[in-house]
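>>> this one's structure only:
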């Protein structure tokens, strides 16, 4: 049975319209950052004491820092689960409590039953940073204003995704122990 050229044109047009309506499945680009700030504190958490409004953390160098949940002078940059545990990488501004802070979770757990002890921290590892971000050449600039240096050998893990930047809020980056972004290691393709 021969196919009508008219139906073929309708089928091709419908496919093009559906593709245009669905887009690339990555959702809308994130808002552009309205500020730029770089961490004054980059350190791993050794121990945590929690109370109802804050975390009192001891960093691996022995420094103590209060990470306050509700202090309006100390903005918390949300990232991941929101829990603060030993082994997290703290990025923070100046002061105690710092003017801003975030705690990045170790992407690949070292101890299946819980957080690693300080003796088990890797020299180089991958702490997850989520969020919309822009490639600024030598840095990754997140929508929340955080600007971190980009490794010279920075990689995009999912190379088959055209135009990975700006990264969407559901995408994730790998940050090393020095606060350098080493890769865009996950790109969500699913529509939001």
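Received, thanks. Computed from a predicted model, the values in this text were never measured in an experiment.
>>> The protein: strands as residue ranges?
With strands called from DSSP state E, the chain shows them at 41-50, 54-59, 64-68, 75-76, 89-92, 100-104, 127-130, 133-135, 139-142, 147-156, 172-175, 181-186.
>>> Turn the ones you listed into TSV, including distance to residue 33.
In this view, the C-beta of every residue, glycine as well, is placed from N, C-alpha and C. Formatted as TSV, the strands of the chain follow (distance: least, Cβ to Cβ, whole Å):
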stretch	distance to residue 33
strand 41-50	19
strand 54-59	26
strand 64-68	22
strand 75-76	14
strand 89-92	15
strand 100-104	13
strand 127-130	14
strand 133-135	7
strand 139-142	5
strand 147-156	8
strand 172-175	15
strand 181-186	15
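>>> Including distance to residue 31, mean neighbour count and mean pLDDT, could those go into TSV?
Formatted as TSV, the strands of the chain follow (distance: least, Cβ to Cβ, whole Å; neighbours: other Cβ atoms under 10 Å; pLDDT from 0 to 100):
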stretch	distance to residue 31	mean neighbour count	mean pLDDT
strand 41-50	25	17	92
strand 54-59	28	19	90
strand 64-68	25	18	89
strand 75-76	16	18	78
strand 89-92	20	25	94
strand 100-104	18	23	91
strand 127-130	15	23	90
strand 133-135	10	21	96
strand 139-142	11	22	96
strand 147-156	15	15	95
strand 172-175	17	24	92
strand 181-186	18	20	91
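>>> wait, which of these is closest to residue 165?
strand 133-135 (4.5 Å; Cβ to Cβ).
>>> what's the closest residue to residue 172 other than its chain neighbours in contact with, if anything?
Distances taken as Cβ to Cβ, 6 or more residues apart in numbering place residue 186 nearest to residue 172, at 4.5 Å, with adjacent residues excluded. Shown in contact with residue 186 (Cβ atoms under 8 Å, 6 or more residues apart in numbering): 157-158, 171-172.
>>> Quick one, which of these are buried?
Burial by neighbour count, judged by 16 or more other Cβ atoms under 10 Å, picks out 171-172 from the contacts of residue 186.
>>> Done for today, thanks.
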